[in-house]
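>>> Provided below for reference: sequence and predicted model.
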Amino acid sequence: MDNQKKTVVVGMSGGVDSSVCAYLLKEQGYNVIGVTMQIWQSEEQAILEDNGGCCGLSAVDDARRVANHIGIPYYVMNFKDDFKKYVIDYFTSEYLIGRTPNPCIACNRYVKWQSLLNRAMEIGADYIATGHYARIEKLPSGRFAIKNSVTAEKDQTYALYNLTQDQLQKTLMPIGEYHKDEVRKIALEAGLPTAHKHDSQDICFIPDHDYAGYLEREVPGQIPGPGNFVTKDGVILGKHLGITHYTVGQRKGLNLSMGHPVFVTEIRPETNEVVIGEAEDVFTQVVAFDQPNFMSEASFDPDKTYGAKVRYAHRTSPCRVEQIAEDRGVIL
């Protein structure tokens, strides 16, 4: 492939990883265009994100300086409406029905990938690229799959499990071939302005980490107030702060004097109750799922052993999968 004939739009968050991503692709001969996605909903939020978010005003300044340094065109593109629809609205609606969402998963599929990909194709680009620590592999079957990066400690494949085949085949992820210290070294040797910048963490649109407070501001009047901690049989154990403060499986921060560790086993938004139980009430050998996203395979093989993770830091566990409908199944 003659890279000099291929155009790639790089999503530049203002961090060192996306900066090095753009630099590496430019060195490989691609026609590189740098883009920062404007997703903040107000100037006040943009100022807050300037102090620690990945997509605020500081991201624009840093990304523009990197683009100027390596000699590529740079643009800020407005994706506020898409971010509101696919991330913020999803985030708030899930909390209101007693679930704990992962907004980064939704943002990756629908905004950082699909919205950016659509815009990139409109301007005639061939690919988009990001600074994620992951790799994309084309299998003998012709399907595309996410592959772990070379560094386990920074691997970000968990957050990318929902990407589609079309998105994967039009994405480049050069950072997946490097360890973090190697990326820093490349940035230093290239003189990139972001070489020493710290990594961004947590949810970008809630820089103060106060999820409950954010929800109260975002959907005022819709957030249930304090209610009862109860057993599964309805016995009242105490008062909780509001269902948006808790998640199933939570043990710490309950402020219940039970004499032994207890867990949140259920959240009941219809009665504003948080159900408390024992370890055996919250742990299970079977996990139900819906809306699977197929990558390396077009369907599950009930006789095959797969690997499962229920959260980012979870060590992969062997399992079997039974698909009980087109969009539903259980993990055993």
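Done, it's in.
>>> in the chain, which helix has the most residues?
The longest helix of the chain (DSSP state H) is helix 57-70.
>>> for that helix, packing partners?
Packing partners of helix 57-70 (3 or more Cβ pairs under 8 Å, 6 or more residues apart in numbering; DSSP states H and E): helix 16-27, strand 31-38, helix 43-49, strand 74-78. From N, CA and C alone the C-beta is placed, and that goes for glycine too.
>>> quick one: that helix to chain centroid distance?
23 Å (Cα atoms, centre = their mean, to the nearest Å).
>>> got the buried residues for that helix?
Of all the residues in helix 57-70, those buried under the rule 16 or more other Cβ atoms under 10 Å are 57-60, 62-64, 66-67, 69-70.
>>> now the angle from it to strand 31-38?
With axes from the mean of the first three to the mean of the last three Cα atoms, to 10 degrees applied, the angle from helix 57-70 to strand 31-38 works out at 170 degrees.
>>> do you know how far G131 is from P302?
Distance, G131 to P302, using Cβ to Cβ, to the nearest Å: 37 Å.
>>> what's the answer for V10, then?
The gap separating V10 from P302 is 41 Å, by Cβ to Cβ.
>>> list the buried residues of stretch 84-101.
Result for stretch 84-101 [16+ other Cβ under 10 Å]: buried residues 86-88, 90-92, 95-96, 98.
>>> quick check: of these, which lies closest to T244?
Nearest to T244, judged by Cβ to Cβ, of these is Y95 at 5.0 Å.
>>> quick one, phi psi at the closest one?
In terms of degrees, to the nearest 10, the main-chain angles of Y95 are phi -60, psi -40.
>>> my guess is it meets P103, correct?
No: with contact defined as Cβ atoms under 8 Å, Y95 does not reach P103; the gap is 10.4 Å.
>>> compile the buried residues of stretch 84-101 into TSV and extend it with columns for secondary structure.
As requested, the buried residues of stretch 84-101 are exported to TSV (DSSP: H, G, I helix; E, B strand; the rest coil):
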residue	secondary structure
Y86	helix
V87	helix
I88	helix
Y90	helix
F91	helix
T92	helix
Y95	helix
L96	helix
G98	coil
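>>> greatest separation within these: which pair is it?
Spanning the widest gap among those are Y86 and G98, at 20.7 Å by Cβ to Cβ.
>>> just give me the neighbour total for Y246.
Neighbours of Y246 under the rule other Cβ atoms under 10 Å: 21.
>>> looking at S42 now. What's its pLDDT?
Per-residue pLDDT puts S42 at 63.
>>> to clarify, my last question referred to M121.
97.
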